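>>> Below are the sequence and a predicted model; questions follow.
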Amino acid sequence: MKNFVLIGAAGYIAPRHMKAIKETGNNLIAAVDPHDAVGILDQYFPECDFFTEFERFDRHCEKLKRQGTKIDYVVVCSPNYLHDAHIRFGLRIGADVICEKPVVLNPWNLDALIEMEKETGKKVFVVHQLRYHPAITALHKEIKQDTSDKEYEINISYITPRGKWYQYSWKGNEDKSGGVITNIGLHFFDLLLWLFGEPAENTLLHSSATSASGTIHFQQAKVKWKLSIDALNSGSNEKLADNTAIRLLNVNGKDIDLNGDLSKLHTVSYQHIFRGQGIGLAEAKNVTSLLYAIRKQRQIK
């Protein structure tokens, strides 16, 4: 049984990590979040120590180390712009790190973290759980086994409505979240790189605080993508309900619906990490660089 601590326990995604830690037979011994609405801990680790101040959490982790309690993993579920600092914290205390997407917002930050991995001998793993969706693993296998010159036509539509709160939170601040392109679209861009390799060309057609669209050309595929947090941007005449999302990947005219219960994919991600098959920083740099290049086009315009 390995010991985990978690940064960002009150966020939307943290319960999926708690569940993954529990389902893989491990223990969450401490967590921190400036917000104290973390009753979800009772479902998984009621004995977990909890802190609302990072300084007290830091001191507690050091105390555990001095007492001989090893912290094997630090899980980072904090806001995107804090990931870099919290990953560094994990490496400094001698733990491996599991980080939610995006691992960082800028590719040069990854270079520094890779150097820190070498210095500490510890590893950082990124959760890109959609790679383990059964339909995606089947598509990956099909593409890798395809020896023809066929070009794939890909259309991506990811419409995930958010209320007014979104723009007032850190998620609505592009400097802190990476904007819609990064915060909403990262998983799909990661899938494209995993499926088709490095892109030959990418074009940003539209970008706003609530939506973005563009095209990407790969050697083996042409991709059109559309992202939105606007319920009216579904492509139909009906407004999406607040709790409804469209996660649609169309491959050569065939729809792959990625809706449904995705929570179990975090557990699968953890299992891959424990088997030595986790997604590391070197691989995460590919999608980080692509997202930065797409966002940069908006600034140039």
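All right, it came through fine.

>>> Please identify the buried residues of the lengthiest helix in the chain?
Longest among the helix segments of the chain by residue count, using DSSP state H, is helix 281-300. Using 16 or more other C-beta atoms under 10 Å as the test for burial, helix 281-300 gives 281, 283-292, 294-295. Any C-beta I mention is one placed from the backbone N, CA and C, and that applies to glycine too.

>>> Got the confidence number for the residue of the chain most remote from its centre?
For the chain, the residue at maximal distance from the C-alpha centroid (C-alpha atoms, centre = their mean) is residue 67, at 33.3 Å. You'll see residue 67 listed with a pLDDT of 94.

>>> Would you map out the domains in this structure?
For the chain, automatic domain parsing gives the domain ranges 3-126, 130-261+268-300.

>>> hey, which of these is tucked in deepest?
domain 3-126 (a mean of 18; mean count of other C-beta atoms under 10 Å).

>>> what residue ranges in this structure score low on pLDDT?
232-243, 260-261, 299-301 (pLDDT under 70).

>>> mind listing the strands for it?
3-7, 27-32, 49-51, 73-76, 96-99, 124-126, 152-159, 201-207, 211-217, 221-228, 246-251, 254-257, 279-280 (DSSP state E).

>>> Redo these as a markdown table? Include distance to residue 186.
Putting those into a markdown table (distance: least, C-beta to C-beta, whole Å) gives the following:
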| stretch | distance to residue 186 |
| --- | --- |
| strand 3-7 | 19 |
| strand 27-32 | 24 |
| strand 49-51 | 29 |
| strand 73-76 | 15 |
| strand 96-99 | 12 |
| strand 124-126 | 10 |
| strand 152-159 | 10 |
| strand 201-207 | 14 |
| strand 211-217 | 12 |
| strand 221-228 | 10 |
| strand 246-251 | 13 |
| strand 254-257 | 18 |
| strand 279-280 | 12 |
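
>>> And those strands: which comes nearest residue 193?
Smallest distance to residue 193 across the strands of the chain (C-beta to C-beta): 9.5 Å, for strand 211-217.

>>> Which strands border the closest one, and is each parallel or antiparallel?
Paired strands of strand 211-217, with direction, are strand 201-207 (antiparallel), strand 221-228 (antiparallel) (DSSP bridges).

>>> quick check: angle from the last one to helix 281-300?
Right, the one you point to is strand 221-228. Between strand 221-228 and helix 281-300, the angle comes out at 70 degrees (axes from the mean of the first three to the mean of the last three C-alpha atoms, to 10 degrees).

>>> okay, strand 221-228 in PDB with CA atoms only?
Written as PDB, here are the backbone C-alpha positions of strand 221-228 (Å, rounded to 0.1, in the frame of the first residue of the first chain):
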ATOM      1  CA  ALA A 221      -5.300  13.100 -41.200                       C
ATOM      2  CA  LYS A 222      -7.100  16.300 -41.700                       C
ATOM      3  CA  VAL A 223      -8.900  17.600 -38.600                       C
ATOM      4  CA  LYS A 224     -11.500  20.200 -38.000                       C
ATOM      5  CA  TRP A 225     -12.200  21.000 -34.400                       C
ATOM      6  CA  LYS A 226     -14.700  23.100 -32.400                       C
ATOM      7  CA  LEU A 227     -14.700  23.800 -28.700                       C
ATOM      8  CA  SER A 228     -17.300  25.800 -26.700                       C
END
